[in-house]
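Engineer: Can you look at this prediction? I've put the sequence above it.
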Amino acid sequence: MCFPLSTDATALNSNFPGKLRFWIGDQRQTRIVRYAIGVTLSVAIAFGVDWPLAFLMPVLTAVVLAMPLPSPTLKSALKNMLQTLVGFSVGAIYTIFLLPYPLIYLPMLGLGLFHIYYLVNRGASFWLVLMLLLSVLILPMLGNTAEGLALELALGFIGSGWLTVGMIILAHTLVPDPPGGPGLPARPGFQRGYSAPAAHAALKSTIVVLPIASLFLILNMSGLILIMVFAAIFTLQPDLSKGRDAGMNSLISTLIGGFAAYVFYYIIVAVPEFHFLIALMLLTTLLFGRQAFSSSPTAKYAGSAFVALLVLFNGSLGDDASFTSNFIMRVVFISFAVLYVVSALRVIERYWPQKQAV
């Protein structure tokens, strides 16, 4: 399902004066407006209805709309919805059927992590890989505390993921791409058959993530679950420099987003009205979108920084929540994850068997 403009779009564009032409003629400005409208609408719905894990919808919407992607088709939308269901169904299976038997669960966790990383290194859908990775790490950790909590999280994540797909389609419908815009490079596609480089990379990632995941699960360290998740994401490509760069980018984005969230939070405290929240969110997303779709060297931080803003703001809305402690803990978690990933990859690179030159 694509949403192209009408054949008269070019003629209409020529009649618009001055800066009004960006709505149809400028792809960068179109993406900025689409990002702002899509994220603001998702925030309005999520905070207005407030179902379990509702904040995930604006977070996922912000992540997707920050990417220069074309309008989703009906096929791709249904595919993403199915991948969300599959991903968290796998996590539910691990939690319900394997978690009660630790001697079986831990080897199966290692096998599952290997296949997830093997998929991403062969060019599989990043959305599917992300859903699988989050589900097999987060759901068992929560299921170790309460099985009902893990299942509630799975259902909430699936529901928010499906609503995100609908919100992305709505955003592209309201703000379609202008005709004749630059196309995206074709994806290499999924590599079928056995791939030795992909297997080696997957094994390295599994060696890094499995010990920390097992340790946190055995000791029931659910409060530190973000360290495990960040470490797993930073090792999607088990290259020392890439893992370090991913971690540092995430840390810088969190610092930027944390400062913006601090300002955002205390403005809302001063004017605690829902309509003011939506108006402020629209202004904030326009500013972050303008930076994210710019050619500035700091553009790579903008999308993640806004996600950090959303997460920190949402985490500070509870009665006993503290914005400052949430921010400090998030920075500490990312720092620990970066330190662990860099140290583990350094050891692996040092002792990984290398082929002898002929």
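Structural biologist: Received it, and whenever you're ready, just let me know what you need. Residues are numbered from 1 along each chain as shown.

Engineer: so who does residue 129 touch?
Structural biologist: Shown in contact with residue 129 (C-beta atoms under 8 Å, 6 or more residues apart in numbering): 116, 119-120, 236. The C-beta positions use only the backbone N, C-alpha and C, and glycine is treated the same way.

Engineer: ignore the last one, residue 293
Structural biologist: 28, 31-32, 35, 68, 299.

Engineer: cool, and residue 205?
Structural biologist: Residue 205 sits next to 113, 117, 235-236, 238 when contact means C-beta under 8 Å, 6+ apart.

Engineer: ditto for residue 346
Structural biologist: Applying C-beta under 8 Å, 6+ apart to residue 346 gives the contacts residue 240.

Engineer: so it, which of the three states?
Structural biologist: Three-state call for residue 346 (DSSP: H, G, I helix; E, B strand; the rest coil): helix.

Engineer: In helices only, show me the contacts of residue 205.
Structural biologist: Secondary structure of the contacts of residue 205 is defined by DSSP state H; positions in helices are 113, 117.

Engineer: could you flag which of the contacts of residue 205 are buried?
Structural biologist: With burial judged by 16 or more other C-beta atoms under 10 Å, the buried subset of the contacts of residue 205 is 113, 117, 235-236, 238.

Engineer: Okay, now the unreliable bits of this protein?
Structural biologist: Low-confidence segments of the chain, defined by pLDDT under 70: 1-25, 147, 180-188, 318-321, 355-358.

Engineer: Recalculate using a threshold of 50.
Structural biologist: Within the chain, the segments meeting pLDDT under 50 span 1-22, 24, 356-358.

Engineer: what's the closest non-adjacent residue to residue 85?
Structural biologist: residue 158 (5.8 Å; C-beta to C-beta, 6 or more residues apart in numbering).

Engineer: With residue 129 instead?
Structural biologist: In space, and not counting its chain neighbours, residue 129 is closest to residue 120: 4.4 Å by C-beta to C-beta, 6+ apart.

Engineer: In JSON lines: the contacts of residue 205, plus distance to residue 338.
Structural biologist: Converted to JSON lines, those look like this (distance: C-beta to C-beta, whole Å):
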{"residue": "113", "distance to residue 338": "19"}
{"residue": "117", "distance to residue 338": "19"}
{"residue": "235", "distance to residue 338": "11"}
{"residue": "236", "distance to residue 338": "14"}
{"residue": "238", "distance to residue 338": "14"}
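
Engineer: name the helices or strands packed onto the one helix or strand the residue nearest to residue 85 maps to?
Structural biologist: According to DSSP states H and E, residue 158 maps onto helix 147-174. Packing partners of helix 147-174 (3 or more C-beta pairs under 8 Å, 6 or more residues apart in numbering; DSSP states H and E): helix 27-49, helix 56-65, helix 74-93, helix 126-143.

Engineer: Of all these, which one is nearest residue 275?
Structural biologist: Ranking the helices and strands packed on helix 147-174 by proximity to residue 275 (C-beta to C-beta) places helix 27-49 first, at 9.4 Å.

Engineer: in the closest one, what counts as buried?
Structural biologist: Judged by neighbour count (16+ other C-beta under 10 Å), helix 27-49 contains these buried residues: 27, 29-47.

Engineer: And for stretch 140-155?
Structural biologist: Neighbour-count burial for stretch 140-155, with 16+ other C-beta under 10 Å as criterion, is recorded at 140-144, 147, 150-151, 153-154.

Engineer: Among those residues, find me the one that's closest to residue 194.
Structural biologist: residue 140 (28.7 Å).

Engineer: Next, give me the two most distant ones among the contacts of residue 129.
Structural biologist: 119 and 236 (10.6 Å).

Engineer: just to revisit the earlier point, export the contacts of residue 129 to a markdown table and tack on distance to residue 106?
Structural biologist: Shown next, in a markdown table, are those (distance: C-beta to C-beta, whole Å):
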| residue | distance to residue 106 |
| --- | --- |
| 116 | 16 |
| 119 | 21 |
| 120 | 22 |
| 236 | 22 |
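
Engineer: Compare those residues and tell me which is most surrounded.
Structural biologist: Of all these, residue 116 has the most neighbours under the rule other C-beta atoms under 10 Å, reaching 28 neighbours.

Engineer: ok, that residue - contacts?
Structural biologist: Neighbouring residues of residue 116 by C-beta under 8 Å, 6+ apart: 129, 132-133, 136.

Engineer: wait, which of those is closest to residue 309?
Structural biologist: Nearest to residue 309, judged by C-beta to C-beta, of the contacts of residue 116 is residue 133 at 23.4 Å.

Engineer: neighbours around the closest one, how many?
Structural biologist: Neighbour tally, residue 133, other C-beta under 10 Å: 23.

Engineer: I'd assumed residue 31 was in contact with residue 68.
Structural biologist: Yes: using C-beta atoms under 8 Å, residue 68 is in contact with residue 31, at 6.7 Å.

Engineer: hang on, the earlier thing: was I right about the residue nearest to residue 129 contacting residue 126?
Structural biologist: Yes: in this structure, residue 120 is within contact of residue 126 by C-beta under 8 Å, at 7.0 Å.
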